[in-house]
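Novice: sequence and computational prediction follow.
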Amino acid sequence: MKIITKETICNATGTKVEKIKIEAPDIAAKALPGQFVVLMISEKGERIPLTVVERGNPAGTVTLIFQEAGLTTKLLGRMKAGDEIYALVGPLGHPTQILDCGKVIMVGGGVGIAEIYTVAKAFKEKGNRVVTIIGARTKDLLILENELKLASGELLIATDDGSY
């Protein structure tokens, strides 16, 4: 599987968060909100789970967001568009049950914000009023703010240091 695009979406106070789009037509065709993939960057590499943040059909791509923290995510962060991922398995996990509930509240913090994005979008598309609450240590560490503004009827933001 080839990396199609790679973008740094946060690089502040020693925290680097990357967004990659990977060619994976079979996964893109089946992934639902709340599901994840398991990725290996090399044959002897560690397997890491990452949430499917977006799926591009008919392009056949999946978008993943990760924070460079351990060895594997740091090595993944060094990869570039055009590089090949050794293995990508999925979609895995139970998809989130998207119902017409009337009002839904989504809460996410740090890189966990990526995990609620597709779910918030799906609840809104189902006709729900979506209130999203996101937070991070500082304003510079917030991710997907603009995307969640579109996926939510109301977006509330808090930072640990009060910078936003």
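Specialist: On my side now, so go ahead.
Novice: can you check the pLDDT for the closest residue to Cys101 other than its chain neighbours?
Specialist: Counting by CB to CB, 6 or more residues apart in numbering, Cys101 lies nearest to Asn128, which is 5.5 Å off, once chain neighbours are set aside. From N, CA and C alone the C-beta is placed, and that goes for glycine too. At Asn128, the predicted lDDT confidence score is 96.
Novice: got the phi/psi numbers for Asn128?
Specialist: Main-chain dihedrals, Asn128, degrees, to the nearest 10: phi -80, psi 150.
Novice: also Val111?
Specialist: phi -70, psi -10.
Novice: residues in contact with the closest residue to it other than its chain neighbours?
Specialist: Computed as CB to CB, 6+ apart, the closest residue to Val111 that is not its neighbour in sequence is Gln67, at 4.4 Å. The contact partners of Gln67, by CB atoms under 8 Å, 6 or more residues apart in numbering, come to Thr15, Lys16, Val17, Glu18, Thr73, Gly110, Val111.
Novice: pLDDT score for Gln67?
Specialist: Looking at Gln67, its pLDDT is 92.
Novice: so how far is Ala12 from it?
Specialist: Gln67 sits 12 Å away from Ala12, going by CB to CB, to the nearest Å.
Novice: ok, now Ile105?
Specialist: From Ile105 to Ala12 the distance is 27 Å (CB to CB).
Novice: same thing with Ala29?
Specialist: 36 Å.
Novice: Gly135 and Asp160 touch, don't they?
Specialist: Yes. Taking CB atoms under 8 Å as the definition, Gly135 is a contact partner of Asp160 at 7.3 Å.
Novice: these two: which has the busier surroundings?
Specialist: Under the criterion of other CB atoms under 10 Å, the comparison of Gly135 against Asp160 puts Gly135 first, with 18 against 11.
Novice: got a list of what the more buried one touches?
Specialist: By CB under 8 Å, 6+ apart, the neighbours of Gly135 are Gly108, Gly109, Gly110, Leu142, Ile157, Ala158, Thr159, Asp160.
Novice: helix, strand, or coil at Ile27?
Specialist: helix (DSSP: H, G, I helix; E, B strand; the rest coil).
Novice: that one contacts Leu88, correct?
Specialist: Yes. Between Ile27 and Leu88 there is a contact under CB under 8 Å: 6.7 Å.
Novice: list the contacts of the longest helix belonging to the chain.
Specialist: The single longest helix within the chain, with elements called by DSSP state H, is helix 113-125. Outside helix 113-125, the residues that touch it by CB under 8 Å, 6+ apart are 33-34, 51-54, 65, 96, 98, 101, 104, 106-108, 130, 132, 134, 136, 142-144, 147-148, 151-153.
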